[in-house]
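1. need a 3D model of the sequence below.
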Amino acid sequence: RARRDDEGRLTGFLKLSVDLTDQRVVRQALLASDQRFAGLVEQSVDGIISTDEDGRINLFNRGAEVLFGYLRHEVLGERIAMLLPERFRNGHDEQMRTFASGRGTASLMGGGRIVQALAKDGREFPVEASISRLAGDRSVTLSVILRDASQRAYNEGELDRLSHVRELASLLPMPIALIDDELKILFSNRAFARWFGRPESELSGMTLRQVAKDVGSLESLEAAKSAISAALGGRDARFRGRVRHADGSVREVEILMIPSTTSVTGPSFYTVTLDRTEKIRAENERHVLTVAGRLMGSLADPEILTESTALVAATGFADVCTGFLHDDSGRLRRFGASEGSVEAIPLPHDTPVIQQVLTDGEQRLYCDHAERVTDLAVPIPTGQGRGGALLYGWRSPFDISPREVDVARDLAMRLGTAIDQAAM
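-> Numbers count the residues shown, from 1 in each chain. Okay, the predicted model is just below:
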């Protein structure tokens with residue numbers, strides 16, 4: 001600024017200097033920040049849309065393009081209601097103005113909630129929407145972040161369906177469980193828990209190997225491997241065999257393995273265990289008596305008769321059967337069979353049990369929980385003075401049923417009658 005005297009002559013000047021470095025640095029920093037923010041918005045996988053207070057779109061990032069199928073030039077300047085199904089558009093503009101004025105709340109516009117959206121191709125899909133309001137000096141900007149919630153909605157539906165399956169399973173009497181590809185138990189019903197002798201809460205997260213080991217059924221689990229692989233591969237499968245119960249008994253079962261169609265658990269399958277013990281035992285008993293009757297009608301040698309009867313009994317009735325019979329010289333001969341093969345079978349406690357039976361002619365039942373063995377010795381009634389007994393063995397410490405005792409006694413009586421007839 002110039003300084004002059006009374007006559008207007010220049011006598012000096014006033015200079016004011018302002019250092020604009022800091023302002024320039026701040027402006028550059030703000031510009032860089034805006035550029036970084038714009039880059040982050042553009043690169044976000046979530047859809048980000050901004051509108052003015054009237055709901056007209058002024059920002060539409062790449063994530064929104066992917067989500068809705070529109071290019072940004074197709075939507076800029078259009079009302080955001082175009083991205084909603086027709087049935088939801090009524091009143092939407094008013095809601096936007098209410099929110100823009102500061103009188104609305106994020107929940108009114110779906111903050112963090114699932115809402116239905118409309119893609120360019122007419123497809124409706126669920127999105128998780130969160131809206132925010134930024135008020136400037138002269139305008140208001142509304143921004144919404146959108147995330148495709150199709151998988152979340154699907155998962156919630158699947159979880160709800162899984163919950164219904166659990167409720168149904170809890171009402172059914174047969175053991176049911178959901179098993180994943182690591183053979184972990186995802187859930188089980190009360191019947192399954194009772195089978196393995198554990199509370200339901202303990203079973204969740206345990207593996208089939210752990211619970212099978214606890215009850216001594218690892219061999220059964222190994223035998224079911226191919227069926228398990230098929231179920232995990234998406235095919236219905238079934239396993240038939242023997243599985244030990246927590247009470248020590250061995251049950252004849254049919255286990256249905258049904259692939260799960262839910263994706264929330266990953267590869268998994270349901271097991272439904274059908275206890276066929278009584279049915280199979282009844283069928284086996286009828287088979288044993290029928291086959292034994294045919295053999296006894298066609299054989300004449302007492303020792304071959306005894307050996308054949310032991311073999312038939314071990315094939316479909318007991319796990320092991322040993323026949324004891326005195327020969328013509330009075331020596332006690334032994335004929336053993338185990339699961340269909342003829343051999344000498346050493347059974348625990350057989351010598352004292354057989355001696356008692358041969359002495360008093362009374363049957364004996366012995367159950368050894370430690371050795372996991374049940375023996376039933378039944379005398380062979382003969383009128384030829386030979387004397388003998390059938391010793392049936394089951395590899396499980398459980399009490400056999402009265403019907404099984406009757407079958408064992410019936411078989412011994414038929415053998416005694418056949419021996420007497422062969423001697424005539």
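2. so for the nearest residue to Ser139 once chain neighbours are set aside, what's the pLDDT?
-> Closest residue in space to Ser139, ignoring its immediate chain neighbours: Asp52 at 6.5 Å, by Cβ to Cβ, 6 or more residues apart in numbering. The way it works is simple: take the backbone N, C-alpha and C, and place the C-beta from them, glycine included. Confidence at Asp52, expressed as pLDDT, is 84.
3. could you do the one 10 residues further on as well?
-> Each residue has a pLDDT score; the one for Arg62 is 87.
4. ok, it - how many residues close by?
-> The number of residues packed around Arg62, counting by other Cβ atoms under 10 Å, is 15.
5. try His73
-> Neighbour tally, His73, other Cβ under 10 Å: 8.
6. what's the distance between it and Ile57?
-> 11 Å (Cβ to Cβ, to the nearest Å).
7. same question, Ala64
-> Taken as Cβ to Cβ, the span from Ala64 to Ile57 is 9 Å.
8. same deal with Ile304?
-> Distance from Ile304 to Ile57, by Cβ to Cβ: 96 Å.
9. what about these two, which has more around it?
-> Each of Ile304 and Ile57 has its neighbours counted (other Cβ under 10 Å); Ile57 has more, 21 against 13.
10. what's the helix or strand that contains that one packed up against?
-> Using DSSP states H and E, Ile57 sits within strand 57-60. Using 3 or more Cβ pairs under 8 Å, 6 or more residues apart in numbering; DSSP states H and E, the elements in contact with strand 57-60 are strand 47-51, helix 72-75.
11. what's the most buried one of the ones you listed?
-> Of all those, strand 47-51 carries the top mean neighbour count, a mean of 21, counting by mean count of other Cβ atoms under 10 Å.
12. just checking: what are the partner strands of that one?
-> Partner strands and pairing direction for strand 47-51 (DSSP bridges) are strand 57-60 (antiparallel), strand 140-148 (antiparallel).
13. nearest to Gly293, of the helices and strands packed on strand 57-60?
-> Nearest to Gly293, of all the helices and strands packed on strand 57-60, is strand 47-51, at 80.3 Å by Cβ to Cβ.
14. for the closest one, the distance to its chain's centre please.
-> Computed by Cα atoms, centre = their mean, to the nearest Å, the chain-centroid distance of strand 47-51 equals 42 Å.
15. coming back round to it: relative to Gln116, which of the helices and strands packed on strand 57-60 is closest?
-> strand 47-51 (14.3 Å).
16. may I see the helices and strands packed on strand 57-60 organised as TSV, with distance to Arg194 added?
-> Shown next, in TSV, are these (distance: least, Cβ to Cβ, whole Å):
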stretch	distance to Arg194
strand 47-51	51
helix 72-75	61
